[in-house]
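Visitor: build the 3D model from these lines:
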Amino acid sequence: MSGGTFEALRGQLHEAATAFADGPDALAGILRGIVDDVERAVREPLEIFPVCHHSPASALAMARRLREKQPKVVYLELCEDMAPLLTELRNCRLPVAVQAFATEVDGFPADWSPLSVVAPVTEASAEYQAIAYALDTPGVELVLVDRSSDHVFQWDARPAAETDPDAPADEESALHGDAVGVEIGDLRPRFAELEEHLLRHGRVRHWSEWWHQYVELPLGDSDHDTYRQVMLLIGSLFRRLAPGDPRRVRVDEDRERYMWTRMREHLAATGTDPADCLYVCGAFHAASRVAEFGVHGSDTFTITERTATEWRHGLIPSSHAAIEAQFGLAAGSVSVAATQWAKNLRRTGVEPYRLAGQAGTRKSTRPGKALPAPVAPAAPADRLTGFLQRPPALDPLDEAELLGWSVDIVRAARRAGYLASTADAIAVFETSILLAGLRDRVKPTPYDFQDAAVTCIEKDAVPGRRDVRRLVESMLGGDRIGQVGYDALPPLARDVHDRLAPLNLRLQQRGVQRALLDIASRPELQRCSDVLWMLRRLLPPGAARPIMGDRSLGERPIQESWDLALGTHQRALIELGYEGVSIEQVLEQRLRRAAYAPQATTAQVLAAVEDAILHLRSRRLADELGTRALEVLAGERTVDGAPEVLRRVRRLLAHYRTSEPVLPPWIESFVKTGYAHYCTLLPTAFTDEDATVRQVAAMLGFLFGMEGLALSLGCDRTQLELALAQSHPQEPSRTALLWAARTHLGTLSRAELRARCDDLLGNPLVVPAYPRYLSGFVHALEPVPGLADFVVEAVSNAFARLPDPVLLPWLPTLITTLRDGGAELAPLLIREAGRVFPARLAALDAWVPPWRLPEQPQAVRVEPGGARGVALLAAHPATCDALADLLGYEDAWESASPAPRGAALLARHPQTATALHSLLAGA
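Guide: Here you go, the predicted model:
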């Protein structure tokens, strides 16, 4: 491109390239290309307004240009499917983020789910000025022209931004979660050497500081043409010096083709004059060189169809820290930009655009000014040459402002626990001036002041929660956290707020609030309790945390106390609204999803059944999920979840037996199938190295505990006897567990079990492994709780018979075995030991363990004169006659044969009766 407005600048750059480079070819080509890009964008009939994201200079220039030009159509670089949500920004307190969210994907890999795209909006941004102008000005149309959220993932090779391990993990920085961020005007060098060169020669630490010093401040007071040409120059420079990443270049160019195609389609459909339009985009995309650029560009680009993924849209709260963390900005840079925006408005007197009724903004008391008449566009002039030749204007030192900063930071440091004094304020003031001088500037920037404060006040240890750097960020603007208003919330979130209204709490306020529910005196609070327990199940742990109260099967709440932080976790509550219209619907969907997941286990499905009963009180859903648990159990080939299965089946059986007249068919089938299933797996589990003793004990607990119900449903006990007969464990703890199971079945007597343990203690080669036998006995208390007295006996015999050289090295092993393997069963052992051992120390010397007492035969006494037979049954035969008729038994009564006089059991064990006679005789 030769001739034109910038011919003089093009010649000067060519001469500079010839003088400073080895030859004019490479460098001169780049410099001339930059000028060509600027001239091409300036000559475009549809005015292009280049911006940088969250830039006060861009926002100020946008507000000025909108009042001058008053365009009828504003084209905005933002995902086109987010347009319906922009009207809800007036119900929010900025910053907030426009979000597109999809939980179920169709056309993308399943492991990408959930998909999320966010576009944060702050007041000090050019896009907000354009949105506010277009929505509140009659006759103005706002058109979003960037790719849709679906195309964001179609064109990107990865589903989400990679996580920076050094990124801050605080609550405010994580407001966007793992969403993919889209921003208007991503303007940062993609050439690492260029960024390093700019930072080194600018004597700054990071890119945000360089941009603030060398772009924001010089452009803050510039006119529209100067601002526009400088931003185009920067965008073209960064574009031409970007490394050739093929994927990133392709995505950038496809976005530009997409946007220009959408704008030409709109112009053709509406017949709007391009001169009445304004295209707001990032400076990087404004200097585009694609063939589709401009209203007269080619129409060769074809926009692909969206996938079948169902996207949901909403607004979520954002914060300065979240924006900085997601887009790689320096900490505090967005807060500094907000402060600079306020200064620019006071200095220039420009009236910004704000949405009518915008939450969090002050209402203007001045009458609204009528918009001036649109200014006719003038021929573009070369303002770029003068800007580049003009030396930078040095801002004079504002001592009053710097003194105020110094005093304020010392005051804040004192409140935070630092031993700061007036001398520190003087030191901060002088050090800020010194650092600014070393960095070739007269007026210290906020970053210079921050470095000075850290140098003068920071100590070896931080006495409070915040260090000096965070204190400076808070003082210069702080981290502003947005809030989505009630009217902009999805239906589910509004329903939650309405149902919790009886608590009389400000649920949208950030922070933790205590809620006290006296359900006994106010039964209407029961519904609030139901909502809170469901929120605890669905939201992150800190959103709804119970302090007092519990919800379990068969219990009714009386009083509850909760710590609620729904305002802090507003984003999570809003994202619930993308899944359904009520929390009951969302919970049911999640329970189904968890139960029918490919990797679902029996324990997980039973947990879903329990949640369906507790939270939804849905018999239909519980029966459906219970049937699913039966299917999963039949397909499992491991016993990993046996302890959890046993615990949950016991609770469900206890619940149904107390609340239902009959057991549901699914749980009867579950017990019957589980009995056969665990009998089949039992021999393998005893020898499987991957199965733990606790899991095998849980299997036995299921078999022994559910045996009565299983046998009544048609199971055969022979299955269990054969399974134990086929089990041959080699590991000591499992061997002890098998002995306990055989004792329960009666195939091994207590005397034989005691003799085996005595043999173990008498064998020096086996003594080191004796704690593992004890571990097996302790775990055996789960299926055979009647062995508690024997376990106490086994431990006592070990202490009594082992010598100290063997006992003392063994004690740590015994303690760790009981702690790790028997923590849940230790109370049972302690109660049994308290029953067996004497209660007083003085009686211990004369105490003899019960298992050492000799067994004496019991004398049988027969009292003379006792009545023959059962007199009561003979005197009142009507009950037996009715039962015989019911059973169809027609035989007549027979005379009683000679029988022992009196009750045989009482005659065989007369001690109780004798003691009672003595007690009554003494009374």
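
Visitor: residues touching Pro764, list them.
Guide: Applying C-beta atoms under 8 Å, 6 or more residues apart in numbering to Pro764 gives the contacts Val806. For glycine as for every other residue, the C-beta is placed from the backbone atoms N, C-alpha and C.

Visitor: do the same with Glu127
Guide: With C-beta under 8 Å, 6+ apart, Glu127 has these contacts: 51, 76-78, 121, 184, 280.

Visitor: could those go into a markdown table alongside distance to Arg257 and secondary structure?
Guide: Converted to a markdown table, the contacts of Glu127 look like this (distance: C-beta to C-beta, whole Å; DSSP: H, G, I helix; E, B strand; the rest coil):
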| residue | distance to Arg257 | secondary structure |
| --- | --- | --- |
| Val51 | 20 | strand |
| Leu76 | 17 | strand |
| Glu77 | 13 | strand |
| Leu78 | 17 | strand |
| Val121 | 26 | strand |
| Ile184 | 18 | coil |
| Val280 | 18 | strand |
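
Visitor: do a quick rundown of the strands in the chain.
Guide: For the chain, the strands defined by DSSP state E cover 47-51, 73-79, 92-93, 96-102, 115-121, 141-146, 180-181, 277-282, 312-317, 483-484, 513-518, 544-548, 559-564.

Visitor: mean pLDDT for these: which is lowest?
Guide: Among those, strand 180-181 has the lowest mean pLDDT, at a mean of 58.

Visitor: so where's the stretch 751-900 of the chain uncertain?
Guide: 814, 817-818, 820-823, 855-871, 895-900 (pLDDT under 70).

Visitor: hmm, back to that, of all the strands of the chain, which lies closest to Arg617?
Guide: Within the strands of the chain, the stretch nearest Arg617 is strand 559-564; the backing value is 17.7 Å (C-beta to C-beta).

Visitor: and the closest one, what does it pack against?
Guide: Applying 3 or more C-beta pairs under 8 Å, 6 or more residues apart in numbering; DSSP states H and E, one finds that strand 559-564 contacts strand 513-518, helix 525-538, strand 544-548.

Visitor: just to revisit the earlier point, out of the strands of the chain, which comes closest to Glu588?
Guide: Nearest to Glu588, of the strands of the chain and by C-beta to C-beta, is strand 312-317 at 17.8 Å.

Visitor: quick check: mean pLDDT of stretch 652-666?
Guide: Rounded mean pLDDT across stretch 652-666 is 91.

Visitor: now do the buried residues in the lengthiest helix in the chain.
Guide: Longest helix in the chain by number of residues, with DSSP state H as the criterion: helix 246-270. Within helix 246-270, the residues that qualify as buried are 251-264, 266-267, counting by 16 or more other C-beta atoms under 10 Å.

Visitor: can I get the strands of the chain in a markdown table including mean neighbour count and distance to Gln719?
Guide: What follows is those, written out as a markdown table (neighbours: other C-beta atoms under 10 Å; distance: least, C-beta to C-beta, whole Å):
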| stretch | mean neighbour count | distance to Gln719 |
| --- | --- | --- |
| strand 47-51 | 26 | 76 |
| strand 73-79 | 25 | 62 |
| strand 92-93 | 22 | 65 |
| strand 96-102 | 26 | 49 |
| strand 115-121 | 25 | 50 |
| strand 141-146 | 20 | 67 |
| strand 180-181 | 20 | 56 |
| strand 277-282 | 25 | 72 |
| strand 312-317 | 22 | 52 |
| strand 483-484 | 24 | 60 |
| strand 513-518 | 15 | 49 |
| strand 544-548 | 15 | 43 |
| strand 559-564 | 18 | 46 |
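
Visitor: and those strands: which comes nearest Leu825?
Guide: Closest approach to Leu825 among these (C-beta to C-beta): strand 544-548, 27.5 Å.

Visitor: just checking, what packs against the closest one?
Guide: Where contact means 3+ C-beta pairs under 8 Å, 6+ apart, strand 544-548 is packed against helix 525-538, strand 559-564.

Visitor: same list (the ones you listed) but as TSV, adding distance to Arg510.
Guide: Below are the helices and strands packed on strand 544-548 laid out as TSV (distance: least, C-beta to C-beta, whole Å):
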stretch	distance to Arg510
helix 525-538	17
strand 559-564	11
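
Visitor: closest one to Ala697 among the ones you listed?
Guide: helix 525-538 (29.9 Å).
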